[in-house]
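Novice: Sequence isn't available, so here's the structure alone:
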Ligand SMILES: Cc1cc2nc3c(=O)[nH]c(=O)nc-3n(C[C@H](O)[C@H](O)[C@H](O)COP(=O)(O)OP(=O)(O)OC[C@H]3O[C@@H](n4cnc5c(N)ncnc54)[C@H](O)[C@@H]3O)c2cc1C
Ligand code: SF4
């Protein structure tokens, strides 16, 4: 059977894209998911705080996912679970394997990549010391406790102050564990201010900024203590500042990486700044007819933006399939990151394909106070400017750029930010 | 003067609350004002956690409090979860614990399992 659209991953990105493509007229849509059920990472995010933008309501992760899963049964979208996608090809073949159906190859007019991201494991950062049991990523602990009901820690040190680590500090405390501290090497937390407040402050858990883990010791194969030291401005540990915590668990919350093995292998162009595919204004990748959205493109802190971005991509895929052609890749405006900006999504805009305006997402490198965001072209001409009261690397920013900015631009567009 | 971060939405505005008058500054919307005032008078939090479930694909079912609960009671509420085991099927909104610890708030299921 030939599908009009095959979506890889049934997290919020994949579900939003499938539903948007359906609403735009596609009928033969398959969503392929390696897990037993749809919902993606949201199923283990049992805390509330999802959907305030989109539904004007505070939902938990599973409730947010259900809002989309519910809609599937009124459509012809087919959800294929327990099935892992192994390869995709330039002629849009999707190779899969499952216990039930073995090795299957599906072909499609368009593909949507929605594989999400995974956590940076211990190997990706260097911690000296033993390699005992009791070192987990925060998301792994979240899965153990919230889905499998396996309480994996009693006395805990958390390295990294990303949102998952903060959420797990509260969750572990509520389940009776003692969280001794949260340790962050940078002078600021990468998590949301609300999570510092409701997950650490509410339970008197100290946050040590400018600190890192310098040693892990073990007894009988399990973590027995963690040593934490202050770091200098070059992030090197300062001798004599060690604090030793007796504990059985070290949780790592040191960042997420988009999961792009499939995309890389297929030859899709990857942006080294985001570790995700380079995308055009309609979220199409460098491979015509292959679209992407959600955490596979860049790490989002808010699921609301994942749904919105992916719905746009689903509409792009529908338009591509129904018109039978892609916009020409020859005429596009590259978008570059200037002062204080670490990346932008999309990275390329084809002016002819813009209807109305483009929502451009980016992150800043440093914490900034009252600032101006400037958009200028290669000739140095400023084409748009926006004000912000403050910006921080932990929070994704967005600006709307009207079509005429891209029509006027000479060469490329550069987005920069500086304190006013 | 009490300083705090508003936790109502991800924007995380920095609020200053005058304990005497209850006047809130720093909020970007009315929900922040309400949060700042309640944080001084009667701080509350929505509880989220899990309870055991039999007969479902997974051994735990996610739950939440149907309304915010007084903050000092949150740990005690969490301990109540051990006392319940649900049986599949359950639907979101089903009551797992009625009137938990006499708070007038129910613990409800948040996933269909
Ligand atoms: C622990 C944690 C806490 C969070 N807390 C919040 C919060 O409080 N509020 C908020 O708004 N946002 C929060 N977020 C962010 C939000 O949940 C994510 O941005 C969102 O879930 C990303 O959606 P996604 O669909 O891109 O990825 P995912 O939800 O990760 O979905 C990807 C799906 O693809 C599947 N998949 C991957 N590879 C394959 C393959 N080869 N074959 C088949 N299937 C595959 C996976 O199994 C998965 O189901 C949190 C994220 C995490 C990780
Ligand atoms: S004051 Fe309003 S905008 Fe600011 S964090 Fe609170 S709810 Fe959000």
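Specialist: Structure's in. What do you need? For clarity, every value in this text was computed on a predicted model and none was experimentally measured. Ligands and ions are numbered 1, 2, ... in the order given.

Novice: Who does the longest strand along chain A pair with, and is each partner parallel or antiparallel?
Specialist: In chain A, taking DSSP state E as the definition, the longest strand is strand A:102-113. According to DSSP bridges, strand A:102-113 forms sheet pairs with strand A:2-8 (parallel), strand A:93-98 (antiparallel), strand A:290-292 (parallel).

Novice: Those into JSON lines, with extra columns for mean pLDDT?
Specialist: Conversion of these to JSON lines gives the following (pLDDT from 0 to 100):
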{"stretch": "strand A:2-8", "mean pLDDT": "96"}
{"stretch": "strand A:93-98", "mean pLDDT": "95"}
{"stretch": "strand A:290-292", "mean pLDDT": "96"}
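
Novice: Okay, helices next: where are they in chain B?
Specialist: Using DSSP state H, the helices of chain B run over B:30-41, B:74-80.

Novice: The stretch 151-300 of chain A too?
Specialist: Using DSSP state H, counting those that start in this stretch, the helices of the stretch 151-300 of chain A run over residues A:163-174, A:193-195, A:261-266.

Novice: what about stretch B:78-94, average pLDDT?
Specialist: Taken as a whole, stretch B:78-94 has a mean pLDDT of 95.

Novice: Equivalent analysis for stretch A:208-218, please.
Specialist: Mean predicted confidence for stretch A:208-218 is 92.

Novice: Could I get the full set of strands for the stretch 251-400 of chain A?
Specialist: A:256-258, A:270-271, A:276-277, A:290-292, A:333-337, A:341-345, A:348-349, A:357-364, A:371-377, A:382-388, A:397-402 (DSSP state E, counting those that start in this stretch).

Novice: Kindly report the same for the stretch 1-150 of chain A.
Specialist: Going by DSSP E, counting those that start in this stretch, the stretch 1-150 of chain A shows strands at A:2-8, A:29-32, A:48-50, A:59-60, A:78-80, A:83-88, A:93-98, A:102-113, A:117-119, A:135-137.

Novice: now for those, which one comes closest to residue A:419?
Specialist: Judged by CB to CB, the one of these that comes nearest to residue A:419 is strand A:48-50, at 29.5 Å. No exception for glycine: its C-beta is placed from N, CA and C like everyone else's.

Novice: The closest one pairs with which strands, parallel or anti?
Specialist: Per DSSP bridges, strand A:48-50 is paired in its sheet with strand A:59-60 (antiparallel).

Novice: ok, back up a step: out of the strands of the stretch 251-400 of chain A, which comes closest to residue A:5?
Specialist: strand A:290-292 (8.8 Å).

Novice: what separates residue A:367 from residue A:243, distance-wise?
Specialist: According to CB to CB, to the nearest Å, residue A:367 and residue A:243 sit 26 Å apart.

Novice: out of the two, which sits in the busier spot?
Specialist: Taking other CB atoms under 10 Å in any protein chain shown, residue A:367 and residue A:243 do not tie; residue A:243 has more neighbours (16 against 13).

Novice: Tell me which residues touch that one, please.
Specialist: A:227-229 (CB atoms under 8 Å, 6 or more residues apart in numbering or on different chains).

Novice: hey, where'd the strands end up in chain B?
Specialist: B:2-5, B:14-17, B:24-25, B:44-45, B:48-54, B:60-65, B:69-70, B:85-87, B:95-97, B:107-109.

Novice: Give me whichever of the ones you listed is most buried.
Specialist: Most buried of these, by mean neighbour count (mean count of other CB atoms under 10 Å in any protein chain shown): strand B:60-65, with a mean of 25.

Novice: which strands and helices sit next to it?
Specialist: Under the contact definition 3 or more CB pairs under 8 Å, 6 or more residues apart in numbering or on different chains; DSSP states H and E, strand B:60-65 sits against strand B:48-54, strand B:107-109.

Novice: How about the first one and ligand 1, any contact?
Specialist: No - judged by CB under 6 Å from any ligand atom, strand B:48-54 stays clear of ligand 1, getting no closer than 10.5 Å.

Novice: ok now that strand, how far from the chain's centre?
Specialist: Distance, stretch centre to chain centre, for strand B:48-54: 16 Å (CA atoms, centre = their mean, to the nearest Å).

Novice: That one close to chain A?
Specialist: Yes - against chain A, strand B:48-54 shows contacts by CB under 8 Å from any CB of the partner chain at B:48-50, B:52.

Novice: Same check on stretch B:89-98?
Specialist: Yes - judged by CB under 8 Å from any CB, stretch B:89-98 and chain A are in contact via residue B:92.

Novice: Identify all contacting residues around that stretch.
Specialist: Contacts of stretch B:89-98 (CB under 8 Å, 6+ apart): A:62-63, A:66, B:51, B:53, B:56, B:61, B:63, B:80-81, B:83-84, B:86, B:106-113.

Novice: Now do the end-to-end distance for it.
Specialist: Its first and final residues considered, stretch B:89-98 spans 18 Å by CA to CA, to the nearest Å.

Novice: With stretch A:224-237 instead?
Specialist: Termini of stretch A:224-237 sit 21 Å apart (CA to CA).

Novice: next one: stretch A:68-77
Specialist: End-to-end distance of stretch A:68-77 (CA to CA): 12 Å.

Novice: ok, now stretch A:32-41?
Specialist: This stretch, stretch A:32-41, spans 15 Å end to end (CA to CA).

Novice: what do you get for stretch A:264-274?
Specialist: 13 Å.
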